[in-house]
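# model the following, please.
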Amino acid sequence: MNRKWIAIATLSAVAWSCVHAESCKYNDSMAPVLIYTQAMKEYRFKDAYVALTDNMTRSQPVDQWVSGQKTTFELGQVVIGGVDVRWPQHLDPTSCMKHAIIPNVLKAKDRFNRQGITEFELYTVVHDGKAWKIDSQKTLFDEGEIHRWFPGHQIPEFNQGMSEGEPLPGDETF
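Have a look, this model is predicted:
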């Protein structure tokens, strides 16, 4: 009977460590997410491009990728209102020197979502031997996943995205 409880406790501890991410010790793995989100917010797409791997750009040359982002942001009247980049996380303590997961809370609005929305994002960053770069981005929708990566964070109601403020770019065209 005692062995059964020891086995359950051991399995629970292993499962807990695999399911819950832990903070990485300080490294500069947050830098590409900070650079990318600020550059995208300011429509500086060439600056954003340098923070990305080929996976994130679909191996597009810089001018082609920048053109696509510029068109999307301008036609969509995208406004990034707030960025809250969190501390790097890992699932394996030895992985922080090669890759990390960077949680981010993004507030944005666009032509079709004028009141704005809060997005909970996970960026996977990798170190290519020279610098950290963003390799993938995932937006979380599941409440359980959001609470896993953003513990204690209040999930706003849909209509509590961004406060009213400056008009969207190109509003005069409506």
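# in which helix or strand would I find the closest residue to Leu52 other than its chain neighbours?
In space, and not counting its chain neighbours, Leu52 is closest to Ile134: 5.2 Å by Cβ to Cβ, 6 or more residues apart in numbering. Quick note: C-beta positions are derived from backbone N, CA and C, even for glycine. Taking DSSP states H and E as the criterion, Ile134 maps to strand 132-140.
# for that strand, packing partners?
The contact analysis (3 or more Cβ pairs under 8 Å, 6 or more residues apart in numbering; DSSP states H and E) places strand 132-140 against helix 31-41, helix 54-57, strand 113-127.
# next, the angle from it to strand 113-127.
Here strand 132-140 runs at an angle of 140 degrees relative to strand 113-127 (axes from the mean of the first three to the mean of the last three Cα atoms, to 10 degrees).
# helix or strand right after strand 132-140?
Following strand 132-140 in sequence, per DSSP H and E, is helix 143-149.
# how far is that following helix from where the chain is centred?
Put simply, helix 143-149 sits 14 Å off its chain's centre (Cα atoms, centre = their mean, to the nearest Å).
# can you give me the buried ones in that helix?
Residues of helix 143-149 classed as buried by neighbour count (16 or more other Cβ atoms under 10 Å): Ile146, Trp149.
# now that helix: average pLDDT?
Averaged across helix 143-149, pLDDT comes to 93.
# other SSEs contacting it?
strand 113-127.
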